[in-house]
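Undergrad: When you get a sec, could you give me coordinates for this:
(chains A, B and C)
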Amino acid sequence: MILPILVLALMVGTFGTLLVYVASLLGPKKKKTAAKYMPYECGLPGQETKKTNVSIRFYLTAILFIMFDIEILFLYPWAVAYRDFVDAGQGAFMFWELFVFIGLFVFGLLWEIKAKALDWE
Amino acid sequence: MAEIVLFYFLAAATVAAAVGVVMHENPLLCALHLVLSMLGVAGLFFLLQAPFVGAVQIMVYAGAVMVLFVLVLMLIDTNKDDEKFSGGNISALTKGLSVGVLSGLLTSIILRTPQSLQRSVTYEAYEVIDIAKLLFTKYVLAFELLGVLLLVIPVGVVALSRIRGGTHDR
Amino acid sequence: MGSDVFEITVNVIKMLAIFLLMVQLVPILVWVERRGSAFIQNRFGPNRVGPLGLTQLLADAVKFLFKEEFVPPKSHALLYYAAPVLALVPGAIAFGGIPLSMPIDIQPFQMFGSEWGPYTFKFQSYDLDIGILFILAISSLGAYALLLAGWGSNNKYSLFGALRASAQMISYELAMGLSLVGMLMLYQTLNFSNMIELQKGPLHFMFFGKEILIPFLPNWGIFYQPLGFLLFATAAFAETNRLPFDLPEAEGELVAGYHTEYGGLKMLLFYIGEYGHMMVASAVMVTFYFGGYELPFSLSDSLTSAVRGAFSSVNLGNVMAALVMHVVMLLKILFFLWVFIWVRWTLPRFRYDQLMDLGWKTMLPWSLANVLATAYLILMAGSAV
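TA: So this is what the prediction gives:
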């Protein structure tokens, strides 16, 4: 089951590496000037690049993503089994189960919106 | 036969990546090795006829948790802050202690594992639908409690985003 | 992979062919993109090299190969080189998991003096029961290529582009994953082949105990989950960083985003990765909502039996029939790829806060509502599909 995927990954990886390697051999070797080695800045002289303050929103988004991602993953097996449960007469129980779970989900989302954790000014 | 070769390959790759996590000095490279290690574990799940768990492993750990780690690490000046990640007596003590505890746990588990070659458990490939039928009937309370547990995350995030001071003061 | 030499060889060749199909579609798409944009904007586009500018692709490929090798100083060389290769891998693996045509049955036959067969070859690199879940999982790894490119090239524009791109990708992954849940409730499976099987025939379903049959519509997913399709398609645009969601590459602010410091062939690999993600998104859309490789009604059955009848050998007939259905699938995928290009040259770009608001505050609630409404309807109306 896993073997074809591994073989495919290996194949694609080799293809990419080979292309990059061949291109590095074929390309012309020119003199390396200081101007060429400056970080690209639209032709202007480079400004300092070291300390760039990045908005904390990026971390917040990533943390929230983990939470919602896990919740959505649980919906997949639920969705696949749902109609079997409906056919077996347990549909209402399953529906309310989901309703509570999604309710918690929505509560979290509303909390975030109210606390302005999702606002990008 | 092919399965055994695959198992040893994946296990070796997982362990090698895990060693890379500990050995590299650049924290970003450590995190990337951890991603490889996670993918190796996912491969082992696939080999155990549990593709659902394997895919979840890739999605949650490799695709979400480690993206967060890499995002955070990318914004630290790794050339300057290396000392903060390594060095110091307390840090060394903690490392030594955790290595000791972990190896002790592992050896005890290996020693307790029955070494017979006979398969005592017959494996059947678990379909997603079987997992769902167990999870949403027998373990329904755990499922709902997990929803409550995950609610801790937004609360923590809000607390985090309201901290004043530091580099992100507005 | 197979039980004997013949089966393993065919499977490996098949895998390579599907991957090369993906890679080969890229120059054609670049041509369509350039000529199409020129058509939309009332310009000529590239028309000098060859008829209609078609051999421009070849000229470009040669040019890419002979570009000067450049590594930015103070960058992390390994990560700088690894990023373009990694951009290629998730898309290629995901594309291999989608059935591009029907399975080919091969009867036993004689070759090299021994007996071979029977075999069944699937028209995909690998077939997993959890199909769509695995594709979503592998696609979520695409964020690393961008992050590594941004961090590895030691340029603040690259870094900001990478950050924006990854934050955007993960935000829209949620809406993308949720929008499919409604459809999964109806299909009761995660496997692509089973979904295609369920979409055969005219539109028919049970509604409050009555059987409803609409003979002039095919039994495609789009008619059950139009909102889900809309949400998925929008999220797919954001996932592939295409306009109107191409904030990571907003050239007015960020030069070219995460691939600012890349040139030549490494840049091309990023392109292949991006188009690869577009192809995966289109193929998933076609499989979920538009019947996969099947034609509506019983057209595909009559077409395949006509093709089979034209060949004396059963095996050759089966191969040819699968190839014909493969063309159908490709045409459907190409249609959605054209929509991607069309939209790119029609709509303006969002602002970053608008983009995040749309993802978290509009699409996420709507896809949740879609899930709940679908579940409620199934509960009330009984079995559907």
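Undergrad: If you count neighbours, what's buried in the longest helix along chain A?
TA: Taking residue count as the measure and DSSP state H as the definition, the longest helix of chain A comes out as helix A:57-87. Along helix A:57-87, these residues count as buried under the neighbour rule (16 or more other CB atoms under 10 Å in any protein chain shown): A:57-83, A:85-86. Just so you know, the C-beta spots here come from the backbone N, C-alpha and C atoms, and that holds for glycine as well.
Undergrad: Which elements pack onto it?
TA: In this structure, helix A:57-87 packs against helix A:91-114, helix B:66-74, helix B:128-135, helix B:140-150, helix B:152-161, helix C:156-179, helix C:181-187, helix C:364-381, with contacts taken as 3 or more CB pairs under 8 Å, 6 or more residues apart in numbering or on different chains; DSSP states H and E.
Undergrad: near chain A, which residues of the stretch 101-250 of chain C show up?
TA: Within the stretch 101-250 of chain C, the positions near chain A by CB under 8 Å from any CB of the partner chain are C:125-126, C:128, C:133, C:154-157, C:159-160, C:163, C:167, C:170-171, C:173-174, C:177-178, C:181-182, C:184-186, C:188-190.
Undergrad: Report the inter-axis angle for the longest helix of chain A versus helix B:128-135.
TA: 90 degrees (axes from the mean of the first three to the mean of the last three CA atoms, to 10 degrees).
Undergrad: The helices and strands packed on helix A:57-87: lowest mean pLDDT?
TA: Per-segment mean pLDDT for these reaches its minimum on helix B:152-161, at a mean of 78.
Undergrad: Could you dump the helices and strands packed on helix A:57-87 into CSV and include mean neighbour count and distance to C:G309?
TA: Rendered in CSV, the data for these read as follows (neighbours: other CB atoms under 10 Å in any protein chain shown; distance: least, CB to CB, whole Å):
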stretch, mean neighbour count, distance to C:G309
helix A:91-114, 17, 47
helix B:66-74, 21, 53
helix B:128-135, 17, 39
helix B:140-150, 14, 54
helix B:152-161, 16, 61
helix C:156-179, 26, 41
helix C:181-187, 25, 33
helix C:364-381, 18, 42
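Undergrad: Which among those is found nearest to C:G273?
TA: With distances scored as CB to CB, the stretch of the helices and strands packed on helix A:57-87 nearest to C:G273 is helix C:156-179 (11.9 Å).
Undergrad: quick one: that closest one near chain B?
TA: Yes. Among the residues of helix C:156-179, C:L159, C:A162, C:L163, C:S166, C:I170 lie within reach of chain B under CB under 8 Å from any CB.
Undergrad: for the residue nearest to the first one when sequence neighbours are not counted, what are its contacts?
TA: The spatial neighbour of C:L159 that comes closest, neighbours along the chain excluded (CB to CB, 6 or more residues apart in numbering or on different chains), is C:G150 at 4.7 Å. Contacts were defined as CB atoms under 8 Å, 6 or more residues apart in numbering or on different chains; by that measure C:G150 touches B:M74, C:S158, C:L159, C:F160, C:G161, C:A162, C:L163, C:A165, C:Y258.
Undergrad: does the fifth one really touch C:Y258, like I thought?
TA: Yes. C:G161 is within contact range of C:Y258, at 4.2 Å (criterion: CB atoms under 8 Å).
Undergrad: isn't C:S367 right up against C:E173?
TA: No. Between C:S367 and C:E173 no contact is recorded; they are 11.7 Å apart, counting by CB under 8 Å.
Undergrad: now the residue lying closest to C:E239 once chain neighbours are set aside: how far from chain B?
TA: Closest residue to C:E239 apart from its sequence neighbours, by CB to CB, 6+ apart: C:Y172 at 5.4 Å. The gap separating C:Y172 from chain B is 13 Å, by CB to the nearest CB, to the nearest Å.
Undergrad: next SSE after the worst-scoring helix or strand of chain C on mean pLDDT?
TA: Sorting the helices and strands of chain C by mean pLDDT, DSSP states H and E puts helix C:251-254 at the bottom, at a mean of 63. Next in sequence after helix C:251-254, counting helices and strands by DSSP states H and E, comes helix C:264-289.
Undergrad: remind me which residues of the chain are low pLDDT?
TA: Just going to use chain A. Residues of chain A meeting the criterion pLDDT under 70: A:31, A:34-54, A:117, A:121.
Undergrad: my bad, the chain I had in mind was chain C
TA: Residues of chain C that meet the criterion pLDDT under 70 lie in C:1-2, C:247-255, C:382-385.
Undergrad: Can you check which strand is longest in it?
TA: Ranked by number of residues, the top strand in chain C under DSSP state E is strand C:210-218.
Undergrad: So for that strand, what gets flagged as buried?
TA: Neighbour-count burial for strand C:210-218 flags C:P218 (criterion: 16+ other CB under 10 Å).
Undergrad: for stretch C:38-50, same thing?
TA: Result for stretch C:38-50 [16+ other CB under 10 Å]: buried residues C:A38, C:G45, C:P46.
Undergrad: Next up, the contacts around the nearest residue to C:M267 once chain neighbours are set aside.
TA: Using CB to CB, 6+ apart and skipping the chain neighbours, the partner closest in space to C:M267 is C:H259 (5.9 Å). C:H259 makes contact with C:A149, C:S158, C:G161, C:M267, C:F270, according to CB under 8 Å, 6+ apart.
Undergrad: Name the nearest of the residues you listed relative to chain A.
TA: Using CB to the nearest CB, the shortest approach to chain A within these belongs to C:S158, at 8.5 Å.
Undergrad: Leaving out chain neighbours, which residue sits closest to residue 27?
TA: I'll assume chain A. C:E69 (4.3 Å).
Undergrad: To clarify, I was referring to chain C.
TA: C:L57 (3.9 Å).
Undergrad: closest point of chain B to chain A, which residue?
TA: For chain B, the residue closest to chain A is B:A132, as judged by CB to the nearest CB, at 3.5 Å.
Undergrad: Give the helix, strand or coil label for the residue nearest to C:L159.
TA: Under the three-state scheme (DSSP: H, G, I helix; E, B strand; the rest coil), the conformation of C:G150 reads as helix.
Undergrad: I'd like to know how many residues surround C:I13.
TA: When neighbours are counted by other CB atoms under 10 Å in any protein chain shown, C:I13 registers 10.
Undergrad: Of all the helices and strands packed on helix A:57-87, which one is nearest C:M195?
TA: Set against C:M195 and scored by CB to CB, the helices and strands packed on helix A:57-87 come closest in helix C:181-187, at 5.0 Å.
Undergrad: and the closest one, what does it pack onto?
TA: When contacts are defined as 3+ CB pairs under 8 Å, 6+ apart, helix C:181-187 packs onto helix A:57-87, helix C:192-198, helix C:364-381.
Undergrad: Swap in 10 Å and give it another go.
TA: helix A:57-87, helix C:131-140, helix C:192-198, helix C:226-239, helix C:264-289, helix C:364-381 (3 or more CB pairs under 10 Å, 6 or more residues apart in numbering or on different chains; DSSP states H and E).
Undergrad: now the angle from the longest one to helix C:156-179?
TA: Helix A:57-87 and helix C:156-179 meet at an angle of 10 degrees, taking the same axes, to 10 degrees as the criterion.
Undergrad: Can you mark which positions in the one helix or strand C:P84 maps to are buried?
TA: Secondary-structure assignment from DSSP H and E places C:P84 in helix C:77-96. Within helix C:77-96, the residues that count as buried by 16+ other CB under 10 Å are C:79-96.
Undergrad: got the angle between it and helix C:131-140?
TA: Orientation check (the same axes, to 10 degrees): helix C:77-96 against helix C:131-140 gives 160 degrees.
Undergrad: Is helix C:77-96 in proximity to chain A?
TA: Yes. Helix C:77-96 lies in contact with chain A when judged by CB under 10 Å from any CB of the partner chain; the contacting residues are C:81-82, C:84-93, C:95-96.
Undergrad: What number of residues are in the vicinity of the residue nearest to C:G221 when sequence neighbours are not counted?
TA: Nearest residue to C:G221 in three dimensions, chain neighbours excluded: C:Y289, at 4.2 Å (CB to CB, 6+ apart). C:Y289 sits with 24 neighbouring residues when counted by other CB under 10 Å.
Undergrad: gap between C:Y289 and C:L186?
TA: Counting by CB to CB, to the nearest Å, the gap between C:Y289 and C:L186 amounts to 11 Å.
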